[in-house]
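Novice: I'd like to go over a predicted model; first the sequence, then the structure.
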Amino acid sequence: MLKIKSDSIIVKSHAKKCIEFLCDLNNYQLLLPKDKITNWESTNDFCIFSIQKAYTLDILKESFDNNQVLLKSGSKSQFKFNIKIIVLEKSLNSCSTQIICEANVNPMLKFMVGKPLNELFNYMANNIEKAISID
């Protein structure tokens, strides 16, 4: 099992607005590095895309509440994973966010995808505030 935790990032936004943004998977395109993502498709409840034309990630929204969004791999992903995005209110207009992923990958794939996925989740976490302001 590969477990990846992004940095915990402070976002200058109300936690409720952050959760609402993260519940719509159409918005995730704004969080991802444009130069590394191809074949993007999305709805409110799923997104699918290729990373560096090598790996396909098929992501489904599983559930959400006031503090977190739970996502899971879809049938077209090359490995099974669960993603938890935790949003904790810090003050009226500030919250912290962190992305945690558990991926069921073999040791060889763990070595190959561990660092790129960690970089991807840190990139996403760091772009939440900017993406919310665009939305």
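Specialist: Done, it's in.

Novice: contacting residues around the residue of the chain most remote from its centre?
Specialist: Outermost residue of the chain with respect to the C-alpha centroid, by C-alpha atoms, centre = their mean, is L92; its distance is 23.8 Å. By C-beta atoms under 8 Å, 6 or more residues apart in numbering, the residues touching L92 are H14. C-beta: built from backbone N, CA, C; applies to glycine.

Novice: how close does it get to A15?
Specialist: 10 Å (C-beta to C-beta, to the nearest Å).

Novice: Please compute how far the helix-or-strand element of the chain with minimal mean pLDDT lies from its chain's middle.
Specialist: None of the helices or strands of the chain scores lower by mean pLDDT, DSSP states H and E than helix 107-134, at a mean of 87. Distance of helix 107-134 from its chain centroid, counting by C-alpha atoms, centre = their mean, to the nearest Å, is 7 Å.

Novice: In that helix, which residues are buried?
Specialist: For helix 107-134, the neighbour count (16 or more other C-beta atoms under 10 Å) marks 113, 117-118, 120-122, 124-125, 127-129, 131-132 as buried.

Novice: This structure: strands as residue ranges?
Specialist: All strands of the chain, identified by DSSP state E, fall at 2-5, 9-11, 37-42, 46-51, 55-64, 68-73, 80-91, 94-104.
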